[in-house]
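# fold the stuff below for me.
(chains A and B)
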2 protein chains.
Amino acid sequence: MVIEIFRNPEKYNKKQITLKGWVETFRSNKKIGFIELNDGSSVKNIQLVIKSDNKDFAILDELSIGSSIKVTGVIKHTPNSKQEFELVVDELKILKLAHKDYPIQKQLMNLETLREIPHVRHRTKYLRSVMLIRSSLSQNIHKYFTLKSFLNVHSPIITSNDGEGAGETFKVSSEAIENFFGNKKATLGVTGQLHAESYALGFGKVYTFAPTFRAENSNTKKHLAEFWMMEPEMAFYDLHETIQLADDMLKTVIKETLEDRKFEFEYLNEKSEGQLLEKINTYLNNELVKLDYSKAIEILKKYSDKFINNDLHFGVDLATEHERFICEEVIKGPVAIINYPKDIKAFYMHQNEDGKTVAAFDLLVPGIGEMIGGSQRECDYDKLLNRVTQLGIDKEDLDWYLNLRRWGDVQSSGFGLGFERLVMYVTGAENIRDTIPYPRTVNNLRM
Amino acid sequence: MVIEIFRNPEKYNKKQITLKGWVETFRSNKKIGFIELNDGSSVKNIQLVIKSDNKDFAILDELSIGSSIKVTGVIKHTPNSKQEFELVVDELKILKLAHKDYPIQKQLMNLETLREIPHVRHRTKYLRSVMLIRSSLSQNIHKYFTLKSFLNVHSPIITSNDGEGAGETFKVSSEAIENFFGNKKATLGVTGQLHAESYALGFGKVYTFAPTFRAENSNTKKHLAEFWMMEPEMAFYDLHETIQLADDMLKTVIKETLEDRKFEFEYLNEKSEGQLLEKINTYLNNELVKLDYSKAIEILKKYSDKFINNDLHFGVDLATEHERFICEEVIKGPVAIINYPKDIKAFYMHQNEDGKTVAAFDLLVPGIGEMIGGSQRECDYDKLLNRVTQLGIDKEDLDWYLNLRRWGDVQSSGFGLGFERLVMYVTGAENIRDTIPYPRTVNNLRM
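Okay, the predicted model is just below:
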């Protein structure tokens, strides 16, 4: 694979190798031809050089962008020239010509146009880089939890409970069989957390990493109707141990991905004029600070003229402008805001003794704001039932969940990481639709 | 964690440690008490021994099965006694008592009853073992493909194409917003393959591992409405390279899981009177044999009186009885049946030159029959279009997919592994509902 050549220049220099891949660009004159070949192993192309005395030189006349080719030749390592490597062609073969209407051509295309063709847009340098990083992040998340002895639990996707009591859900039905699931309303899960909690009770440490769904009518750069969530849940953990885990997980996964996808980060960093890696390193090299929600409100009040939402008092939810101000201007590094007012958080969060706040946290990161949200769970049956009743949530649907508290559930904690938010953060993508292969949003279901 | 003690007896012997977990059983007399503690790290319990002169001895009077406790004591390694380890209690604390109505009690419960309580059934030895093995299989699949430089692609779940042109689909809709996805019919994907193919074209080697859905009205031991599928797709691979990969992947993942979950396999093997590991080892220690479908039919014909389905001729699909006979009685090891009649296989499979068969394979394994199905894909645009038209599949919906063939797609191949089928196979589970945390089937949507 092409990436191996860039990783081991010494090993491949002057060796003959065979590669298969796709033509990214090509040009030629009467004496010599150049082809940029990419095989998907990284954002790096390798330049093929073919001279006019080569028996396959005429192939350049038929070639088109996007065609798949097979090439054999000798690697020439030229570290001081513009191209770090060349492959001097011995033999060139077209495997499959791409028709001239192949939509990815040499000129740059804007991301909006590319969103119309999700089945080919990853064959551009930018989307290729984003998707390679996405894959590494996913694999490093599994690696992290495997090494920490977490059980990978597959929470159900089709569910009969309305997870967080928040967010519009999609309904699931069968055309052929009426009431496929009996008299139960079947929806697509908005979270795997509640089911994961039942597995933490018994297995100790578990995580889900799976698609979740929201039928929200929002056409923004930050919303998807279908997105992946990673949700760990740990028995016996308190709020502070959970924040510690969230911080360590995120930093470890990002560091390993920076190593795995060195070339893609170089490419994206150059595009951002150095800002991308600076932003990521500010996060990685700064210790996480914990800050009480009430304290955060006090601080923000002093700067209220800086904000659009400037009615700041205990009980208001923090907007992205507040979150970013706290971590970028006040703390200048990552912050976990803790102990939020209970009225702005979910019913299952542990009620603190003050009667006003819950043991919740949001992990804020410079450059994006909230990355992770989590909490210690309320494990007192009566308190939890009380809260469910207060909020008018259907108790019957959640009976199974409430019962966990009666059956040895002393305390568990967990958090959720919206995976596409993480991809946005580390790649610098401005629109979440460019971080997932086939984005689904309101009025948008391509392919 | 308890598993560490069993893995490193020397290290922990005579050391004082603290554990948190749940009470599996307990008994006591006036002089001494015994508690079986499980912390979910493995199927192994550790026996706690508490003497009557211990200040916490009275706790045994209040204790109940399922309660969470915290214990500090000294490990005693006694390899020749019934209990390999004991923990002699210094301090014992109840963290949360389980109410007496906790449904998992000491007596064995049948699996059918346990299916009614998916939120607690994993707190039995059997389901705990199955779910620990399931998690290891999942993590080892990700590890295998990560090490082989495959891209982890997240194919969409909500889709507008009817994947394989086979199987009933679930419809997705929003109650709040009519026609959420415009005029497109939105369904839950029955496969991630077609989208994965678009990513193989550009990235080379990719895999999906995600939930898939079938709205089938089947109430059998082998069917689920929601199940996980693992589907790799490789550009430039032919049928034979793909079979080689399937065999290597499956054997590697199973071997690593046998090591990771040694205690759970010991437990399940004992339950099966040694048949489980014998079956798995027959698979692992035998080389895969390839057998032409036509040849298989010829062989089966000779034994037709052994089968319920005994009308055997070119064109019939093989039933499980045939598949198992071939690998258990004829080959006595794993078999890949290749080159099936095109009329019993999916439209996207590569059409062989004989005009009758396609370059498909089913990997059959002793003890279960078909485990994996795959094929080389048809990459000739005209042939593929022809087949789509012949079968009356809506061409417009698949236009994007067909176009891949016009844009450099020389050849890709891939296969699908039904993940719960794999869990059934390696655990010996007889009902697929016992291999997934919250099974969904027709008329069954618990929690």
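# report whether A:Asn309 is found in a helix, as I expect.
No - looking at A:Asn309 with DSSP: H, G, I helix; E, B strand; the rest coil, it is coil, so not inside a helix.
# can you give me the helices in the stretch 201-350 of chain A?
If DSSP state H, counting those that start in this stretch is used as the criterion, the helices of the stretch 201-350 of chain A fall at A:239-260, A:262-271, A:275-284, A:293-302, A:320-324.
# and the ones you listed: which comes nearest B:Lys93?
Taking CB to CB, helix A:239-260 is the member of those nearest to B:Lys93, at 18.3 Å. For the C-beta atoms, the positions are set from N, CA and C on the backbone; glycine is no exception.
# identify each buried residue in the closest one, please.
Across helix A:239-260, burial judged by 16 or more other CB atoms under 10 Å in any protein chain shown covers A:239, A:242-243, A:245-247, A:249-250, A:252-254, A:256-258, A:260.
# hmm, which two among the residues you listed are most spread apart?
Across the buried residues of helix A:239-260 (CB to CB), the longest gap, 31.7 Å, separates A:Leu239 and A:Asp260.
# who's in contact with A:Ser160?
With contact taken as CB atoms under 8 Å, 6 or more residues apart in numbering or on different chains, A:Ser160 is in contact with A:181, A:184-187, A:397, B:445-447.
# okay, it: pLDDT?
Per-residue pLDDT puts A:Ser160 at 88.
# phi, psi for it please.
Here is the backbone geometry of A:Ser160 (degrees, to the nearest 10): phi -110, psi 0.
# which phi and psi does the nearest residue to A:His77 once chain neighbours are set aside have?
Computed as CB to CB, 6 or more residues apart in numbering or on different chains, the closest residue to A:His77 that is not its neighbour in sequence is A:Asn13, at 4.0 Å. When quoted as degrees, to the nearest 10, the phi and psi of A:Asn13 stand at phi -60, psi 130.
# and A:Asn13, how many residues sit next to it?
Residues near A:Asn13, counting by other CB atoms under 10 Å in any protein chain shown, number 15.
# quick check: it touching A:Pro79?
No - if you go by CB atoms under 8 Å, A:Asn13 and A:Pro79 don't touch, sitting 9.7 Å apart.
# quick check, the residue in the stretch 251-400 of chain A closest to chain B?
Nearest to chain B in the stretch 251-400 of chain A, going by CB to the nearest CB, is A:Trp400, at a distance of 4.9 Å.
# for that residue, helix, strand, or coil?
helix.
# count the neighbours of it for me.
That count, for A:Trp400 with other CB under 10 Å as the rule, works out to 19.
# what residues are up against it?
Counting by CB under 8 Å, 6+ apart, A:Trp400 makes contact with A:198, B:119, B:447.
# before we move on, back to that, give me the pLDDT for the residue nearest to A:His77.
On the pLDDT scale, A:Asn13 is placed at 95.
# quick one: it from A:Glu86, how far?
11 Å (CB to CB, to the nearest Å).
# now do the shared contacts for those two.
A:75-76.
# quick check: A:Thr25 is in a strand.
Yes - A:Thr25: assigned to a strand according to three-state DSSP.
# can I assume it is in contact with A:Asn38?
No - using CB under 8 Å, A:Thr25 makes no contact with A:Asn38, being 9.7 Å away.
# okay, these two: which has more neighbours?
Shown here are A:Thr25 and A:Asn38; by other CB under 10 Å, A:Asn38 has more neighbours (22 against 14).
# the more buried one pairs with what?
Residues in a beta bridge with A:Asn38, per DSSP bridges, are A:Trp22.
# list the contacts for it?
The contact partners of A:Asn38, taken as CB under 8 Å, 6+ apart, are A:2, A:21-22, A:24, A:44-45, A:123, A:128.
# try it again with 6 Å
Neighbouring residues of A:Asn38 by CB atoms under 6 Å, 6 or more residues apart in numbering or on different chains: A:21-22, A:24, A:45.
# and A:Met349, by the same measure?
Each residue near A:Met349 by CB under 6 Å, 6+ apart is listed here: A:358, A:360, A:375.
# ranges for the strands of the stretch 101-250 of chain A?
Using DSSP state E, counting those that start in this stretch, the strands found in the stretch 101-250 of chain A span residues A:151-152, A:158-159, A:170-174, A:187-188, A:205-213, A:226-235.
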